[in-house]
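*Asks:* prediction below, plus the sequence it came from.
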Amino acid sequence: MTVALINASPKVKGSSSGILLNDLKVCLGTRVDIEEISLRTGKLTADIIEKLKKADTWVVAFPLYVDSLPSHLLSCLKQLEKMTWKSRDLCIYGIANCGFYEGNQAEPALNVLRNWCAKAGCAYKGSLGIGGGGAIAVSGDTSGNAGMRIQIFRAMKKFAERIVKKEAEVNKYATVAFPRFIYKIAAQHSWRTMIKSNGGKKKDLSKRLDQ
């Protein structure tokens with residue numbers, strides 16, 4: 001069994017999607033062969049296509065962008081939809097992470113992935129929706145089974161078992177292991193720090209595009 005771990009974050013490094021895929025890789029262990037793939041643009045290279053062909057299971061990890069998939073990932077999926085080598089034997093799983101505290105905020109985006117599978121002729125097997133993406137990004141890419149990612153890591157272990165067995169299940173959701181109000185305070189501090197570093201002011205955070 002070969003599993004393609006597809007990082008569809010546009011970030012070159014340090015993405016939450018990459019950290020979550022690394023946690024999944026740890027949980028899968030040596031039970032499967034793994035192809036690691038990075039999708040940062042809307043163009044599929046010949047090398048990426050060859051790696052995808054080798055896998056009978058794909059895990060697509062992506063950040064939530066305006067409650068949906070990033071546009072470059074949608075472009076790649078449109079290209080893959082036309083490929084003739086896919087079949088119902090190809091199993092698709094997803095991992096969506098979002099800046100919202102609640103992981104189920106990713107449900108609409110995961111439904112997009114489910115609908116793509118139906119149109120492309122692949123078997124959608126279920127996904128993980130992960131909340132607290134801002135905290136994941138600063139939690140590092142090691143020790144996934146401890147600290148603020150412990151609840152996510154537990155969900156990832158069960159997710160890995162389903163992947164190894166090619167089992168289908170309803171989408172599951174998890175978030176970081178600390179209270180929502182603390183996450184909110186940390187997020188607000190981060191936004192204020194970023195806007196100041198870019199020459200803005202705190203009040204600019206309340207501006208709207210139509211103002």
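*Replies:* Okay, I see it. Residues are numbered from 1 along each chain as shown.

*Asks:* isn't Leu44 up against Leu77?
*Replies:* No - the pair Leu44 / Leu77 is not scored as a contact, 9.9 Å apart, by C-beta atoms under 8 Å. For glycine as for every other residue, the C-beta is placed from the backbone atoms N, C-alpha and C.

*Asks:* which one's more surrounded, those two?
*Replies:* More crowded of Leu44 and Leu77, by other C-beta atoms under 10 Å: Leu77, with 21 against 17.

*Asks:* quick one: the nearest residue to Tyr65 once chain neighbours are set aside from Leu77, how far?
*Replies:* Here the nearest residue to Tyr65 in space, its sequence neighbours aside, is Ser71; by C-beta to C-beta, 6 or more residues apart in numbering that works out to 7.3 Å. In this structure, Ser71 lies at 11 Å from Leu77, with C-beta to C-beta, to the nearest Å as the measure.

*Asks:* hang on, Lys53 in a strand?
*Replies:* No - remark: Lys53 does not belong to a strand; assigned using DSSP: H, G, I helix; E, B strand; the rest coil, it is helix.

*Asks:* ok, it to Leu90 distance?
*Replies:* Lys53 sits 10 Å away from Leu90, taking C-beta to C-beta as the criterion.

*Asks:* of these two, which one has the most company?
*Replies:* Leu90 (18 against 14).

*Asks:* so who does that one touch?
*Replies:* With contacts defined as C-beta atoms under 8 Å, 6 or more residues apart in numbering, Leu90 is in contact with Asp56, Thr57, Trp58, Cys122, Ala123.

*Asks:* for the residues you listed, pick the one with the most neighbours.
*Replies:* In the contacts of Leu90, the most neighbours by other C-beta under 10 Å go to Trp58, 23 neighbours.

*Asks:* can you classify that residue by secondary structure?
*Replies:* Using three-state DSSP, the structure places Trp58 in strand.

*Asks:* verify the stated contact: it with Leu52.
*Replies:* Yes - in this structure Trp58 lies within contact range of Leu52 using C-beta under 8 Å: 7.0 Å.
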